[in-house]
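[1] After the sequence you'll find the predicted model.
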Amino acid sequence: SQKIEQNSEALNIQEGKTATLTCNYTNYSPAYLQWYRQDPGRGPVFLLLIRENEKEKRKERLKVTFDTTLKQSLFHITASQPADSATYLCALEAGNMLTFGGGTRLMVKP
Amino acid sequence: EAGVTQFPSHSVIEKGQTVTLRCDPISGHDNLYWYRRVMGKEIKFLLHFVKESKQDESGMPNNRFLAERTGGTYSTLKVQPAELEDSGVYFCASSFPMTGELFFGEGSRLTVL
(Lines give C-alpha, C1' and ligand atoms only; values in the text may rest on other atoms or scores of the structure.)
Protein backbone atom coordinates (compact mmCIF):
# COMPACT_ATOMS: atom_id res chain seq x y z
CA SER A 1 0.00 0.00 0.00
CA GLN A 2 1.05 3.61 -0.44
CA LYS A 3 2.65 5.21 2.57
CA ILE A 4 4.34 8.51 3.46
CA GLU A 5 6.42 8.49 6.63
CA GLN A 6 7.62 11.46 8.59
CA ASN A 7 9.11 11.22 12.04
CA SER A 8 6.14 11.61 14.36
CA GLU A 9 8.39 12.48 17.29
CA ALA A 10 9.22 16.13 17.81
CA LEU A 11 12.67 17.31 16.74
CA ASN A 12 14.30 19.57 19.33
CA ILE A 13 17.33 21.59 18.32
CA GLN A 14 19.30 24.57 19.56
CA GLU A 15 19.00 27.94 17.87
CA GLY A 16 21.62 28.40 15.18
CA LYS A 17 21.90 24.70 14.35
CA THR A 18 20.68 23.02 11.17
CA ALA A 19 17.41 21.13 11.39
CA THR A 20 17.00 18.12 9.09
CA LEU A 21 13.59 16.55 8.59
CA THR A 22 12.98 13.34 6.67
CA CYS A 23 10.15 12.22 4.41
CA ASN A 24 10.15 8.62 3.17
CA TYR A 25 7.55 7.16 0.85
CA THR A 26 6.64 3.80 -0.62
CA ASN A 27 4.60 2.78 -3.65
CA TYR A 28 4.52 6.28 -5.10
CA SER A 29 6.17 7.72 -8.19
CA PRO A 30 5.49 11.41 -7.67
CA ALA A 31 6.24 13.94 -10.38
CA TYR A 32 6.98 16.42 -7.59
CA LEU A 33 7.10 16.74 -3.84
CA GLN A 34 6.26 19.74 -1.69
CA TRP A 35 6.98 20.89 1.84
CA TYR A 36 4.55 22.93 3.92
CA ARG A 37 4.74 24.59 7.30
CA GLN A 38 1.80 24.48 9.69
CA ASP A 39 1.44 26.49 12.88
CA PRO A 40 -1.08 25.48 15.59
CA GLY A 41 -4.63 26.39 14.61
CA ARG A 42 -3.59 27.57 11.14
CA GLY A 43 -3.67 26.14 7.65
CA PRO A 44 -0.56 24.74 5.95
CA VAL A 45 1.66 27.26 4.17
CA PHE A 46 3.63 26.30 1.07
CA LEU A 47 7.42 26.43 1.34
CA LEU A 48 9.10 24.59 -1.52
CA LEU A 49 8.35 22.35 -4.49
CA ILE A 50 10.93 19.99 -5.99
CA ARG A 51 10.40 18.01 -9.17
CA GLU A 52 11.47 14.42 -9.83
CA ASN A 53 14.28 15.53 -12.14
CA GLU A 54 15.70 17.95 -9.56
CA LYS A 55 18.11 16.78 -6.90
CA GLU A 56 18.12 19.89 -4.74
CA LYS A 57 16.21 23.14 -4.31
CA ARG A 58 17.07 26.12 -2.12
CA LYS A 59 15.16 29.11 -0.83
CA GLU A 60 16.86 31.41 1.64
CA ARG A 61 17.70 29.23 4.68
CA LEU A 62 15.72 26.27 3.36
CA LYS A 63 17.05 23.38 1.30
CA VAL A 64 15.20 20.35 -0.01
CA THR A 65 16.66 17.24 -1.60
CA PHE A 66 14.73 14.59 -3.51
CA ASP A 67 16.12 11.10 -4.10
CA THR A 68 13.70 9.10 -6.25
CA THR A 69 15.87 5.98 -5.94
CA LEU A 70 15.81 6.02 -2.15
CA LYS A 71 12.23 7.39 -2.25
CA GLN A 72 13.22 10.04 0.23
CA SER A 73 13.22 13.80 0.65
CA LEU A 74 15.27 15.71 3.20
CA PHE A 75 14.27 19.19 4.36
CA HIS A 76 16.96 21.36 5.93
CA ILE A 77 16.67 24.65 7.80
CA THR A 78 20.06 26.25 8.36
CA ALA A 79 20.79 28.78 11.11
CA SER A 80 17.51 27.80 12.75
CA GLN A 81 15.58 30.34 14.82
CA PRO A 82 12.86 29.95 17.48
CA ALA A 83 10.44 31.39 14.91
CA ASP A 84 11.05 28.27 12.80
CA SER A 85 9.26 26.17 15.43
CA ALA A 86 6.25 24.60 13.72
CA THR A 87 5.05 21.36 12.17
CA TYR A 88 6.49 20.61 8.75
CA LEU A 89 4.53 18.50 6.29
CA CYS A 90 5.73 16.78 3.18
CA ALA A 91 3.23 16.21 0.39
CA LEU A 92 3.50 14.07 -2.72
CA GLU A 93 1.84 14.62 -6.06
CA ALA A 94 -0.64 11.79 -6.62
CA GLY A 95 -2.49 12.50 -9.84
CA ASN A 96 -4.51 15.67 -9.47
CA MET A 97 -4.13 15.90 -5.69
CA LEU A 98 -1.49 16.08 -2.98
CA THR A 99 -1.10 13.31 -0.42
CA PHE A 100 0.29 14.47 2.93
CA GLY A 101 2.52 12.88 5.50
CA GLY A 102 1.68 13.17 9.18
CA GLY A 103 4.21 15.96 9.74
CA THR A 104 7.15 16.46 12.05
CA ARG A 105 7.06 19.01 14.85
CA LEU A 106 10.21 21.12 15.09
CA MET A 107 11.09 22.97 18.30
CA VAL A 108 14.00 25.43 18.14
CA LYS A 109 15.20 26.47 21.57
CA PRO A 110 16.93 29.81 22.21
CA GLU B 1 -5.09 40.26 -2.14
CA ALA B 2 -7.32 38.14 0.09
CA GLY B 3 -6.28 34.57 0.71
CA VAL B 4 -8.52 31.52 0.95
CA THR B 5 -11.23 32.19 3.49
CA GLN B 6 -13.30 29.60 5.32
CA PHE B 7 -16.41 29.93 7.42
CA PRO B 8 -17.18 29.11 10.16
CA SER B 9 -13.85 28.80 11.93
CA HIS B 10 -15.42 26.52 14.52
CA SER B 11 -18.75 24.71 14.63
CA VAL B 12 -20.13 22.57 17.46
CA ILE B 13 -23.19 20.49 16.61
CA GLU B 14 -25.08 17.50 17.94
CA LYS B 15 -24.96 14.13 16.24
CA GLY B 16 -27.64 13.97 13.56
CA GLN B 17 -27.62 17.70 12.82
CA THR B 18 -26.51 19.31 9.58
CA VAL B 19 -23.54 21.60 9.07
CA THR B 20 -22.48 23.53 6.00
CA LEU B 21 -18.92 24.76 5.62
CA ARG B 22 -18.03 27.45 3.13
CA CYS B 23 -14.82 28.20 1.28
CA ASP B 24 -13.97 31.27 -0.80
CA PRO B 25 -10.88 30.54 -2.89
CA ILE B 26 -8.40 33.10 -4.15
CA SER B 27 -9.89 34.96 -7.10
CA GLY B 28 -8.92 33.39 -10.40
CA HIS B 29 -8.01 30.00 -8.95
CA ASP B 30 -9.85 27.36 -10.95
CA ASN B 31 -8.74 24.50 -8.72
CA LEU B 32 -10.43 24.09 -5.35
CA TYR B 33 -9.74 21.25 -2.93
CA TRP B 34 -11.26 20.05 0.32
CA TYR B 35 -9.07 18.20 2.81
CA ARG B 36 -9.77 16.96 6.33
CA ARG B 37 -7.62 16.27 9.37
CA VAL B 38 -9.11 14.12 12.09
CA MET B 39 -7.44 13.92 15.50
CA GLY B 40 -3.99 12.35 15.37
CA LYS B 41 -4.13 11.60 11.66
CA GLU B 42 -2.62 13.14 8.57
CA ILE B 43 -4.41 15.61 6.33
CA LYS B 44 -6.51 13.59 3.89
CA PHE B 45 -7.90 14.55 0.49
CA LEU B 46 -11.67 14.73 0.13
CA LEU B 47 -12.35 16.15 -3.32
CA HIS B 48 -11.19 18.43 -6.12
CA PHE B 49 -13.10 20.92 -8.25
CA VAL B 50 -11.96 22.46 -11.50
CA LYS B 51 -14.17 25.48 -11.83
CA GLU B 52 -17.65 24.16 -11.12
CA SER B 53 -16.95 20.54 -12.07
CA LYS B 54 -16.01 17.79 -9.64
CA GLN B 55 -12.73 16.41 -10.95
CA ASP B 56 -12.18 13.83 -8.25
CA GLU B 57 -14.31 13.01 -5.23
CA SER B 58 -12.63 9.72 -4.37
CA GLY B 59 -11.79 10.90 -0.85
CA MET B 60 -15.34 11.67 0.24
CA PRO B 61 -16.09 9.34 3.17
CA ASN B 62 -19.72 8.52 2.33
CA ASN B 63 -22.93 9.97 0.94
CA ARG B 64 -23.52 12.08 4.04
CA PHE B 65 -21.02 14.53 2.56
CA LEU B 66 -22.03 16.79 -0.32
CA ALA B 67 -19.80 19.39 -1.91
CA GLU B 68 -20.86 22.02 -4.41
CA ARG B 69 -19.20 24.85 -6.28
CA THR B 70 -21.90 26.72 -8.08
CA GLY B 71 -20.63 29.11 -10.74
CA GLY B 72 -17.07 28.04 -10.13
CA THR B 73 -16.49 30.53 -7.32
CA TYR B 74 -17.08 29.66 -3.67
CA SER B 75 -17.66 26.10 -2.50
CA THR B 76 -19.75 24.54 0.24
CA LEU B 77 -19.32 21.22 2.01
CA LYS B 78 -22.42 19.93 3.73
CA VAL B 79 -22.47 17.09 6.24
CA GLN B 80 -25.94 15.64 6.79
CA PRO B 81 -26.54 13.99 9.20
CA ALA B 82 -23.32 14.52 11.14
CA GLU B 83 -21.77 11.64 13.04
CA LEU B 84 -19.20 11.67 15.86
CA GLU B 85 -16.41 10.49 13.55
CA ASP B 86 -16.90 13.54 11.32
CA SER B 87 -15.21 15.70 13.94
CA GLY B 88 -11.98 17.25 12.72
CA VAL B 89 -10.57 20.22 10.88
CA TYR B 90 -11.75 20.74 7.31
CA PHE B 91 -9.32 22.63 5.10
CA CYS B 92 -10.02 24.23 1.78
CA ALA B 93 -7.22 25.01 -0.66
CA SER B 94 -7.06 26.59 -4.08
CA SER B 95 -4.50 26.84 -6.85
CA PHE B 96 -3.85 28.05 -10.36
CA PRO B 97 -3.82 25.30 -12.96
CA MET B 98 -0.56 23.35 -13.29
CA THR B 99 1.46 25.16 -10.60
CA GLY B 100 1.11 22.50 -7.92
CA GLU B 101 1.35 24.92 -5.01
CA LEU B 102 -1.76 24.93 -2.84
CA PHE B 103 -2.99 27.96 -0.91
CA PHE B 104 -4.82 26.81 2.20
CA GLY B 105 -7.44 28.47 4.31
CA GLU B 106 -7.21 28.47 8.09
CA GLY B 107 -9.64 25.57 8.35
CA SER B 108 -13.08 24.98 9.84
CA ARG B 109 -12.99 22.98 13.05
CA LEU B 110 -16.05 20.73 13.36
CA THR B 111 -16.96 19.16 16.69
CA VAL B 112 -19.83 16.66 16.70
CA LEU B 113 -21.17 15.83 20.17
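    The structure has been received and is ready for your questions. Numbers count the residues shown, from 1 in each chain, chains lettered A, B, ... in the order given.
[2] all contacts plus neighbour counts: C-alpha atoms, from now on.
    OK.
[3] Next up, the contacts around residue B:113.
    B:12-15, B:84 (CA atoms under 8 Å, 6 or more residues apart in numbering or on different chains).
[4] Could you report the pLDDT at it?
    In this model, residue B:113 is scored at 96, pLDDT.
[5] pretty sure residue A:41 belongs to a strand, no?
    No - using DSSP: H, G, I helix; E, B strand; the rest coil, the assignment for residue A:41 is coil, not a strand.
[6] That one: neighbouring residues, count only.
    By other CA atoms under 10 Å in any protein chain shown, 12 other residues sit near residue A:41.
[7] How about the residue nearest to residue A:24 when sequence neighbours are not counted: which residues does it bridge to?
    Spatially, and ignoring its direct neighbours in sequence, residue A:24 is nearest to residue A:72 (4.5 Å; CA to CA, 6 or more residues apart in numbering or on different chains). Judged by DSSP bridges, the bridge partners of residue A:72 are residue A:24, residue A:67.
[8] Contacts only, for the residue nearest to residue B:64 when sequence neighbours are not counted.
    Distances taken as CA to CA, 6+ apart place residue B:80 nearest to residue B:64, at 5.1 Å, with adjacent residues excluded. Shown in contact with residue B:80 (CA under 8 Å, 6+ apart): B:16-19, B:64-65.
[9] Repeat that for residue B:102.
    Counted by CA under 8 Å, 6+ apart, residue B:102 has contacts A:46, B:93-95.
[10] how much space between residue A:28 and chain B?
    According to CA to the nearest CA, to the nearest Å, residue A:28 stands 16 Å off from chain B.
[11] pLDDT score for that residue?
    For residue A:28, pLDDT reads 86.
[12] Is it correct that it is in contact with residue A:52?
    No - in terms of CA atoms under 8 Å, residue A:28 does not count as a neighbour of residue A:52; the distance is 11.7 Å.
[13] Up against chain A, what does chain B have?
    Counting by CA under 8 Å from any CA of the partner chain, the residues of chain B close to chain A are B:41-45, B:48, B:56, B:91, B:101-107.
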